[in-house]
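Q: Please find the sequence and the predicted model below.
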Amino acid sequence: MELRNKLFLGTFVHSKALDELEYLHNAAVCVDTTGTIVAVEVDCDEPRAREIVLPGLGWDGAEVEVVKAKEGQFFFPGFIDTHLHASQYPNIGIFGKSTLLDWLNTYTFPLEASLADPAKARRVYTRVIRKTLSHGTTCAAYYATIDVPSTNLLADLCLSHGQRALVGRVCMDQLSPDYYRDASPDASLADTRASIAHILTADPTMSLVRPIITPRFAPACSLPLMRQLGALAHETSLPIQTHISENKSEIALVQSLFPRSATGAPDNSYATVYDAAGLLTDKTILAHAVHLTEAEADLVRARGAKVSHCPCSNSAITSGAARVRWLLDRGIGCGLGTDMSGGYSPSVLEAARQAALVSRHVVLGADGRGEGEEREKLSVEEVLFLATRGGAEVVGLEGRVGGFGVGLEWDAQLVGLGLVGEDGEVGPEEEEGDVDVFGWESWPERVAKWLYNGDDRNTKRVWVKGRLVHQRK
Ligand SMILES: Nc1nc2[nH]cnc2c(=O)[nH]1
Ligand SMILES: [Zn+2]
């Protein structure tokens, strides 16, 4: 599809730092045909852009597509979902009172196994891509299933729908049901290589979609498998995604399955098991990290691995309240994950909202120290940083996406909030939704209202790499 040069006009909001959003009003952002931002000008309306900015770029104004934010609308970077299971999408909201290990056996493995049916996989994966795009997710780190053809299909569908993605074939060779397990470490590795090869053929420059090595979690992977996957990551420089320290029974299981005598590691903590297998790299995404010890955090930090914080999931399946400030204080990069279907929502905005709320319940010590403490609380600015720039760092795309700046790619959403008229009604031109703006709110207040009450009705349009990939009807 032929892309045109584009001129975006209006208000742009993005993260400048962890605790700071920058508001660019009356601004112009120019995006070239490769989807790259080539100019950002403030105090620049359309006439000025046409008179000065476009000629400066050597662009013919008649050829440029102009997209203007209406009053009250703003452009925001696309969300980055650093952890979700595309294959579990049909189960969102279905978790009962389960916790991780029984949830996997009861709800998750049967559904994942059933996606070896290609028609079912196509139906589910198409829907999850469409749904997440409609919520402003421009980039997703997906787990598929152990099945190679359907994992490859997920990557193909991300490409055709235009969603940026990391796509992983799930590796698991032990402790799961017979009907859903890799036959051996070698078989798991061969299937992983096959899926990587497919994805690299589909998108040779990894411009949109890239493979990610995906050992499910230590309990479901033998040490030989983890070692082979660590070696594969070393050989290919590909990223890795897995789960860590989500739930206390899971941690106890890891300690019993991988004693020091087996791994040769200095101890049997979860992080050391991964490290002993070569799976802790600066391209590793660790989901959850709810119960990491101080020593594990040091190790994660030393290896440069990052954390995907999944608050909806941690509340839903009762895993605990991750100490995000504690992780950030230790220099560990964090982003947000919906973790569908441990998490019940496809929305990163919901994950951001829940990150803010859960941070108010963080407990640091056995004495209850920390709960309700101001320092542990994440602000609106901070959770939106995690949803964008923080996420970009977690998936290894910092410097490419996550904000608005020259050289970054245009992964963005146009957000519209309901403007309440003098008569107390929201006009027909305005989108219905739960965010009502009366006009006296400051911009930070509008953004706070969006965070706490916004949903996909506020996500008007979504672009990835300059391409329009979702438009609200
Ligand atoms: N939340 C979550 N945790 C896991 N640990 C291992 N597999 C999974 C999974 O599918 N979801
Ligand atoms: Zn998960």
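A: Good, I have the coordinates. Residues are numbered from 1 along each chain as shown. Ligands and ions are numbered 1, 2, ... in the order given.
Q: Contact residues of the chain facing ligand 1?
A: With the criterion set to C-beta under 6 Å from any ligand atom, the chain comes near ligand 1 through 85, 100, 104, 108, 216, 217, 243, 246, 313, 339, 342. For every residue, glycine as well, the C-beta is placed using N, CA and C.
Q: give the contact list for the third one.
A: This points to residue 104. Counting by C-beta atoms under 8 Å, 6 or more residues apart in numbering, residue 104 makes contact with residue 176.
Q: show me where the stretch 101-250 of the chain has strands.
A: Using DSSP state E, counting those that start in this stretch, the strands of the stretch 101-250 of the chain run over 137-143, 164-168, 170-171, 209-211, 214-215, 240-244.
Q: What is the last one packed up against?
A: So the one you mean is strand 240-244. For strand 240-244, the helices and strands in contact under the criterion 3 or more C-beta pairs under 8 Å, 6 or more residues apart in numbering; DSSP states H and E are strand 214-215, helix 270-276, strand 284-288.
Q: Can you list the strands that the shortest one pairs with?
A: The reference is to strand 214-215. strand 170-171 (parallel) (DSSP bridges).
Q: So the strand it pairs with, near ligand 2 or not?
A: No - residues of strand 170-171 contacting ligand 2 under C-beta under 5 Å from the ion: none, with a closest distance of 10.1 Å.
Q: now stretch 66-83
A: No - counting by C-beta under 5 Å from the ion, ligand 2 is not contacted by stretch 66-83; separation bottoms out at 5.6 Å.
Q: Pull out the buried residues from that stretch.
A: Within stretch 66-83, the residues scored as buried using 16 or more other C-beta atoms under 10 Å are 67, 69, 72-83.
Q: Looking at the stretch 351-473 of the chain, which residue is nearest ligand 2?
A: Across the stretch 351-473 of the chain, no residue is closer to ligand 2 than residue 351, which sits at 12.5 Å (C-beta to the ion).
Q: mind listing what residue 376 touches?
A: Residue 376 is in contact with 323, 325, 326, 359, 360, 362, 364, 370, counting by C-beta under 8 Å, 6+ apart.
Q: how close does the third one get to ligand 2?
A: Noted for residue 326: a distance of 21 Å to ligand 2, by C-beta to the ion, to the nearest Å.
Q: quick one: contacts for the closest residue to that residue other than its chain neighbours?
A: Using C-beta to C-beta, 6 or more residues apart in numbering and skipping residues adjacent in sequence, the residue nearest residue 326 is residue 364, 6.9 Å away. Residue 364 makes contact with 323, 326, 370, 376, according to C-beta under 8 Å, 6+ apart.
Q: which residue packs closest to residue 248, ignoring adjacent ones?
A: The spatial neighbour of residue 248 that comes closest, neighbours along the chain excluded (C-beta to C-beta, 6+ apart), is residue 291 at 6.4 Å.
Q: contacting residues around that neighbour?
A: Neighbouring residues of residue 291 by C-beta under 8 Å, 6+ apart: 245, 246, 247, 248, 251, 320.
Q: Need the buried ones from those residues selected in ChimeraX.
A: Buried members of the contacts of residue 291, defined by 16+ other C-beta under 10 Å, are picked up in ChimeraX with:
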select :245,246,247,251,320
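Q: wait, which of the contacts of residue 291 is closest to residue 424?
A: The closest of these to residue 424 turns out to be residue 320 (C-beta to C-beta; 43.3 Å).
Q: Next one: residue 276 from residue 23, what distance?
A: Separation of residue 276 from residue 23 (C-beta to C-beta, to the nearest Å): 47 Å.
Q: now residue 254
A: According to C-beta to C-beta, residue 254 and residue 23 sit 45 Å apart.
Q: ok, those two, which is more surrounded?
A: Per other C-beta atoms under 10 Å, whichever of residue 254 and residue 23 has more neighbours is residue 254, with 21 against 17.
Q: Considering only the residues of the chain next to ligand 1, which also neighbour ligand 2?
A: Filtering the residues of the chain next to ligand 1 for proximity to ligand 2 (criterion: C-beta under 5 Å from the ion) leaves residue 339.
Q: Find me the pLDDT at residue 473, would you?
A: With respect to pLDDT, residue 473 scores 84.
Q: Give me the neighbour count for it.
A: Neighbourhood size, residue 473 [other C-beta under 10 Å]: 2.
Q: Any idea which residue of the stretch 151-300 of the chain lies closest to ligand 2?
A: Closest point on the stretch 151-300 of the chain to ligand 2, by C-beta to the ion, is residue 287, at 4.9 Å.
Q: any chance of the contacts of residue 364 in CSV, with secondary structure too?
A: Shown next, in CSV, are the contacts of residue 364 (DSSP: H, G, I helix; E, B strand; the rest coil):
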residue, secondary structure
323, coil
326, helix
370, coil
376, helix
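Q: tell me the contacts of the residue of the stretch 151-300 of the chain closest to ligand 2?
A: Each residue near residue 287 by C-beta under 8 Å, 6+ apart is listed here: 82, 83, 241, 242, 243, 244, 246, 307, 308, 310, 337, 339.
Q: Does the residue nearest to residue 16 when sequence neighbours are not counted lie in a helix or a strand, and which?
A: Distance criterion C-beta to C-beta, 6+ apart; nearest residue to residue 16, sequence neighbours excluded, is residue 22 at 4.2 Å. Using DSSP states H and E, the element containing residue 22 is strand 20-31.
Q: From the chain's centroid, how far away is that strand?
A: Per C-alpha atoms, centre = their mean, to the nearest Å, the displacement of strand 20-31 from the mean C-alpha position of its chain is 23 Å.
Q: can you check stretch 156-176 too?
A: Chain-centre distance of stretch 156-176: 13 Å, with C-alpha atoms, centre = their mean.
Q: now do stretch 297-306
A: In terms of C-alpha atoms, centre = their mean, the centre of stretch 297-306 is set 19 Å apart from its chain centre.
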